[in-house]
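quick check, what structure comes out for this input:
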Amino acid sequence: MKRLFLFPLLFIILAVEGQSLTDTNDIFYKHLELNEIVVTGVVGDTKLRETPQPITLISQRVLDQVTAQNIIDAVAKQPGVSQLTTGGAISKPVIRGLGGNRVVVVSDGVRQEGQQWGDEHGVELDAADVGSVEIVKGPASLQYGSDALAGVLVLHSHNIAQPDEIKGCVSAQYQTNNGLINYSANVAGNKKGVVFDLRYSEKYAHAYRNKADGYVPNSQFNERAASAKIGVNKNWGHSFLKMTYYNINPSLPEGERDTITGALISESENLKTYRHGLPYQKVFHYKVLSDNSVKLSKGYLKILAAYQLNQRNEFEESPDTAGLRLHLHTATADVRYVYDEDDSWKMAVGMNGMFQKSLNKGDEFLIPDYSLFDIGTFATASFAIDKWTLCGGLRFDYRRLMVPEMLQEEADFESFKRNFYGMTGSIGAVYSPNDNFDIKMNLARGYRAPSINELASNGHHEGTLRYEIGNKDLKPEYSLQTDLAVEYNNKYFSMQLTPFVSYVNNYIFAARLDTIIEDDLMTFQFQQGDALLTGFEASVDIHPIHQLHIGTAFSYVYSVQLGQPEETRYLPLTPAPCWSSDVKWEITHDAKIFNNAYASVGVDWFLSQNHYYKAYDTETATKGYALLNMSVGTDVFIKGGKALEMHIIAENILNTVYQSHLSRLKYADVNVVTGKRGVFGMGRNFIFKVIVPIGG
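Predicted coordinates for the structure are as follows:
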C-alpha cells in the first residue's frame with residue numbers, strides 16, 4: 001500500500017475539481033472556453049468563472065466515456081462527490097460528506113421527489129436521458145429551498161435539435177461482471193421551431209461477482225424508461241411539455257451466509273438470472289413537466305410546473321404481494337424573473353412551492369401518511385466591476401407538515417402538525433486579476449426541515465435491515481459554510497484548490513440503540529447535535545503537449561459531532577479520502593476515419609477510514625484500497641460523417657477485493673470461515689459501449 005502512495009505523487013498532488021480527466025479537450029486545453037461556459041446551478045444563467053460557489057460541470061462527452069450502473073454512479077466519480085450504495089442498482093449522492101435529504105436532485109429544472117429519505121431508495125432517472133450535469137457544492141437553499149444543505153445535482157436533458165434538423169441516436173452497452181445489457185434509442189427534430197424528442201431505454205443485470213464472495217445473490221436488477229417532449233422554440237422564448245416514465249426492479253441483497261461454509265445463501269440455483277429474487281422493490285415514477293420561458297425587454301420570465309407520482313413497492317415474503325406500498329404525489333411550481341440586459345449587472349427574483357401527499361397502500365408500515373406544503377421566495381443579485389464579481393441573495397421558506405392518526409393492527413402513528421421556517425442567504429466574490437487566475441470566496445447559510453422518516457418512522461425498514469424510530473421533536477438543520485477556491489488555467493497547466501468549513505446546527509442522524517424491538521434487527525432512533533465538517537478538493541492537470549494529459553485529484557472530509565466522546569464523535573457515513581490519478585493520450589485529432597481516438601490509464605485510491613461512529617458497533621473502520629482502470633475509445637468517420645463512437649473500459653483490472661465505507665452491504669453477516677464481515681464490491685469488469693448517431 002505504501003508503494004501505491006507514491007503512484008499519485010508521480011502526477012503531482014493537486015487536481016482540477018469537478019472536471020473529469022477525460023474531458024481535457026473540452027475544458028483544460030482551450031482555457032478561453034471557461035469564459036463562455038454557462039451554468040444554471042445558481043439563479044439565472046451565469047458564466048462558470050463568475051460563480052463564487054463551487055460548481056462542477058460534467059459534459060456529455062465525459063458521461064459517454066465513463067462506466068456506471070446508474071447516473072449517480074457516474075457523477076460520484078467526481079472529486080468531492082461520493083455515493084451511498086446497496087449493491088449495484090441503488091446509489092444515493094453524497095456531497096462533501098452530507099447525503100440523504102441534504103442533497104437535492106434537479107431534473108429538467110424540477111426537483112426529483114421519490115421517497116428519497118430511504119437509504120436504499122435510489123434516484124429514479126434514466127441515465128441515457130441526461131445530457132450534462134452540474135454539481136453545486138455547499139448550501140444552495142437560495143434557489144431550491146429546504147434540503148439543498150449539502151448541494152444540488154442539476155441534470156440537464158440533451159440539447160434540442162437545430163432548426164430543420166431531424167436527428168437520432170442508438171446506444172448499447174455490455175458489462176462482463178454482472179452481464180449488464182443496456183440500450184437506448186432516441187429521435188428528435190425541429191421543424192420551423194416546433195420541436196420533439198422521444199427516447200426509450202432498457203437495462204438488465206444479473207448478480208455481480210468478486211473474488212471473495214463469488215456471485216452476490218440477489219444483486220440483480222432491471223429497469224426501463226421512456227420520455228416524450230414536444231413544444232415550440234421561437235425568438236420570443238420556448239414552451240415545452242415533457243412526460244417521463246421510469247420503472248426499476250432492484251433485488252435487495254441481504255448478505256446472509258451459511259453458518260458452516262460461510263458462503264452467501266441464495267434462494268435461486270441460477271446466480272446469473274436476470275429475474276428478481278426476494279426481497280426486491282418495484283418502483284414506478286411518472287412525471288409531467290411544463291417548461292416555459294418568455295423573453296422580455298430586459299430579461300426573461302421562466303415558469304415551471306410539474307406533477308410527479310412515485311409508487312414504491314417492497315416484496316419480502318411473496319413475489320406477488322407487496323408488504324410496503326407507498327404512493328407519493330408531488331406538485332411543484334416555480335416562477336422567476338431574471339434581469340440580464342447589462343453584462344455587469346444581473347438580478348433574479350422568484351417564488352417556488354411544493355405540495356406533497358404520501359399514502360400507505362400496503363399492509364406493512366414504516367412511515368405514516370402525510371401531507372406537506374412548502375413555499376419560498378428569493379432574490380439574488382450579482383455585479384461585476386473591473387476585476388471583481390460580487391454576488392449575494394436572500395431567501396425565506398415556510399413548510400407545513402401534517403400527519404393524521406393511524407391506529408391499525410400493523411401501524412401505530414400519532415397525529416401531529418409541524419411548522420418550519422427558514423431564512424437563508426449567501427454572499428460571495430470572485431477576483432480575477434487576469435484571464436488565467438481566479439480567487440473565489442463564498443459564505444452561505446443553508447436550511448433543512450426534518451424529513452418524514454426522521455420525525456415519524458416506526459417500523460421494520462426492510463431495505464436497511466433495521467428497526468427505525470422517529471423523533472417528532474426534531475428541529476430544523478441550519479448550516480453556515482465558508483468556501484474558498486483558487487483556480488489557475490493556461491494552455492499547459494490547470495489547478496484548483498477548494499477548502500471549505502461547514503458548521504451544522506441541529507445535525508440529524510440515526511443513532512443505534514442498545515435495545516431490540518423486533519426479531520434480531522438493530523434498532524435506530526433519530527437524534528441531533530451540532531456538527532463541524534471541514535475538508536477540501538484539490539487537483540492538477542498537466543498537458544505539456546496537445547495530446548498528453550496527466551492529472552490527479554484528491555478529496556478529503558473530516559466531520560465530527562461537537563462535544564461528544566470518542567464513541568460518538570465522528571459523524572456516520574463520512575466518505576474515505578480519495579486520490580485519483582489519470583494519464584491520457586489523445587492519439588488522433590482531425591483524422592479521416594479514426595478520429596478523437598484516446599487511451600488512458602488511471603488509479604482510484606481510497607485511503608483507510610478510521611474516523612467512524614463507534615457506539616454500539618454502528619460502524620467499523622474501513623481498510624484502504626486501490627482500483628486500476630484503463631480505457632480506449634474512438635470516433636469512426638465514414639465519408640466525412642460520424643458513423644459511430646466506441647469505448648472499451650476496464651475497471652478494477654487487478655480484481656482487488658474491497659469494501660467502500662459507504663456500502664450498506666459492509667454490515668451484513670460475518671463469514672465464519674474468513675472472519676470477515678459483510679459483502680465486497682464488484683470485481684474485475686470490462687465494459688463495451690457503442691453509440692451510433694443518426695442524422696443531425
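
where are the low-confidence patches of the stretch 551-696 of the chain?
The model of the stretch 551-696 of the chain has pLDDT under 70 over residues 696.

can you show me the strands along it?
578-586, 594-606, 625-638, 641-651, 685-695 (DSSP state E, counting those that start in this stretch).

ok, the first one: who's next to it in the sheet?
What it means is strand 578-586. Based on DSSP bridges, the pairing partners of strand 578-586 within the sheet are strand 548-561 (antiparallel), strand 594-606 (antiparallel).

for residue 276, which of these is the nearest?
strand 594-606 (30.5 Å; CB to CB). From N, CA and C alone the C-beta is placed, and that goes for glycine too.

ok now that closest one, how far from the chain's centre?
How far strand 594-606 lies from its chain's middle: 23 Å, per CA atoms, centre = their mean, to the nearest Å.

next, the angle from that strand to strand 625-638.
Interaxial angle, strand 594-606 versus strand 625-638 (axes from the mean of the first three to the mean of the last three CA atoms, to 10 degrees): 170 degrees.

strand 594-606: which residues count as buried?
Using 16 or more other CB atoms under 10 Å as the test for burial, strand 594-606 gives 595, 596, 597, 598, 600, 601, 602, 603, 604, 605, 606.

quick one, that strand and strand 641-651 angle?
Interaxial angle of strand 594-606 relative to strand 641-651 (the same axes, to 10 degrees): 20 degrees.

who's in contact with strand 594-606?
Strand 594-606 has contacts (CB atoms under 8 Å, 6 or more residues apart in numbering) with 4-5, 7-8, 21-22, 25, 576-589, 591, 624-637, 642, 658, 660-661.

same deal with stretch 183-195?
126, 128, 158, 160-173, 196-202, 229-234, 240, 694.

TSV for the strands paired with strand 578-586, including distance to residue 275?
Converted to TSV, these look like this (distance: least, CB to CB, whole Å):
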stretch	distance to residue 275
strand 548-561	38
strand 594-606	32
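
right, and those strands - which one's nearest residue 82?
Of all the strands paired with strand 578-586, it is strand 548-561 that lies closest to residue 82, at 8.5 Å by CB to CB.

sort out which residues of that closest one are buried, please.
Those would be 549, 550, 551, 552, 553, 554, 555, 556, 557, 559, 560, 561, for strand 548-561 by 16+ other CB under 10 Å.

what ranges do the strands span in the stretch 301-450 of the chain?
Using DSSP E, counting those that start in this stretch, the strands of the stretch 301-450 of the chain run over 324-339, 345-360, 370-385, 388-403, 406-407, 412-413, 416-434, 437-448.

low-confidence regions, the protein specifically.
In the predicted model, the chain carries pLDDT under 70 at residues 1-36, 41-44, 408-410, 462-464, 519, 696.

try 80
Where the chain drops to pLDDT under 80, the residues are 1-46, 141, 341-343, 407-412, 460-465, 515-521, 588-591, 696.

pretty sure residue 642 contacts residue 593?
No. Between residue 642 and residue 593 there is no contact under CB atoms under 8 Å: 10.9 Å.

now do the shared contacts for these two.
Taking CB under 8 Å, 6+ apart as the criterion, residue 642 and residue 593 both touch residue 636.

neighbour count: the two, which is higher?
residue 642 (15 against 12; other CB atoms under 10 Å).

list the contacts of that one.
595, 635, 636, 693.

one more: residue 430?
Taking CB under 8 Å, 6+ apart as the test, what residue 430 contacts is 49, 50, 51, 52, 388, 389, 391, 438, 439, 440, 441.

apply 7 Å and report the result again.
Counting by CB atoms under 7 Å, 6 or more residues apart in numbering, residue 430 touches 50, 52, 389, 438, 440.

what about it, distance to residue 390?
With the distance defined as CB to CB, to the nearest Å, residue 430 ends up 8 Å from residue 390.

ok, residue 511 next?
Distance from residue 511 to residue 390, by CB to CB: 42 Å.

neighbours of the nearest residue to residue 377 once chain neighbours are set aside, how many?
Excluding the flanking residues, the one nearest residue 377 by CB to CB, 6 or more residues apart in numbering is residue 351, at 4.5 Å. Residue 351 has 12 neighbours, counted by other CB under 10 Å.

my read: residue 66 touches residue 77, true?
Yes. Between residue 66 and residue 77 a contact is recorded at 5.9 Å, counting by CB atoms under 7 Å.

all helices for the stretch 451-600 of the chain, in order.
Assignment of helices within the stretch 451-600 of the chain using DSSP state H, counting those that start in this stretch yields the ranges 452-456, 566-569.

tell me which of these sits nearest to residue 496.
helix 566-569 (30.6 Å).

against residue 509, how distant is the nearest residue to residue 146 once chain neighbours are set aside?
Sequence neighbours aside, residue 449 is the residue nearest to residue 146 in space, at 4.8 Å (criterion: CB to CB, 6+ apart). Distance of residue 449 to residue 509, computed by CB to CB: 16 Å.

next one: residue 349 from residue 301, what distance?
Counting by CB to CB, the gap from residue 349 to residue 301 is 11 Å.

so what sits against both of the two?
Shared contacts of residue 349 and residue 301 (CB under 7 Å, 6+ apart): residue 337.

can you tell me how far residue 585 is from residue 67?
19 Å.

could you do residue 81 as well?
With CB to CB as the criterion, residue 81 and residue 67 are 16 Å apart.

what of residue 461?
Taking CB to CB as the measure, residue 461 falls 30 Å from residue 67.

now swap in residue 685 and tell me
Remark: distance between residue 685 and residue 67 (CB to CB) = 7 Å.

now swap in residue 411 and tell me
42 Å.

when the two are compared, which one has more neighbours?
Set residue 411 next to residue 67 and count neighbours by other CB under 10 Å: residue 67 wins out with 21 against 18.

contacting residues around that one?
Residues counted as contacts of residue 67 (CB under 7 Å, 6+ apart) are 649, 651, 687.

please apply the same query to residue 221.
The neighbours of residue 221, taking CB under 7 Å, 6+ apart as the test, are 89, 205, 248, 249, 250, 251.

what sits against the fifth one?
Contact analysis of residue 250 by CB under 7 Å, 6+ apart lists 89, 90, 221, 280, 281.

how does it look with 6 Å?
With contacts defined as CB atoms under 6 Å, 6 or more residues apart in numbering, the neighbours of residue 250 are 89, 90, 221, 281.

ok, and for the host helix or strand of it, which residues are buried?
Element membership for residue 250, per DSSP states H and E: strand 237-250. For strand 237-250, a neighbour-count test (16+ other CB under 10 Å) marks 238, 239, 240, 242, 244, 246, 247, 248, 249, 250 as buried.

just checking, next helix/strand downstream of it?
Counting by DSSP H and E, what follows strand 237-250 is strand 280-296.

what's the angle between that next one and strand 237-250?
Interaxial angle, strand 280-296 versus strand 237-250 (the same axes, to 10 degrees): 170 degrees.

got a list of contacts for strand 280-296?
108, 110, 114, 124, 236-251, 300-315.

again, only using 7 Å
Residues outside strand 280-296 that contact it (CB under 7 Å, 6+ apart): 108-110, 114, 124, 236-252, 300-315.

just the C-alpha atoms of it, please, in PDB.
Output of strand 280-296 as PDB, limited to C-alpha atoms (Å, rounded to 0.1, in the frame of the first residue of the first chain):
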ATOM      1  CA  TYR A 280     -37.000  -6.800  -4.100                       C
ATOM      2  CA  GLN A 281     -38.500  -3.500  -4.900                       C
ATOM      3  CA  LYS A 282     -40.800  -2.500  -7.800                       C
ATOM      4  CA  VAL A 283     -40.700   1.200  -8.300                       C
ATOM      5  CA  PHE A 284     -42.600   3.400 -10.800                       C
ATOM      6  CA  HIS A 285     -42.000   7.100 -11.300                       C
ATOM      7  CA  TYR A 286     -44.200   9.200 -13.600                       C
ATOM      8  CA  LYS A 287     -43.600  12.900 -14.300                       C
ATOM      9  CA  VAL A 288     -45.300  15.600 -16.400                       C
ATOM     10  CA  LEU A 289     -43.500  18.900 -16.800                       C
ATOM     11  CA  SER A 290     -44.400  22.200 -18.400                       C
ATOM     12  CA  ASP A 291     -41.300  24.400 -19.100                       C
ATOM     13  CA  ASN A 292     -42.000  27.900 -20.300                       C
ATOM     14  CA  SER A 293     -39.600  30.800 -20.800                       C
ATOM     15  CA  VAL A 294     -40.600  34.200 -22.300                       C
ATOM     16  CA  LYS A 295     -38.000  36.800 -23.300                       C
ATOM     17  CA  LEU A 296     -38.700  40.300 -22.100                       C
END
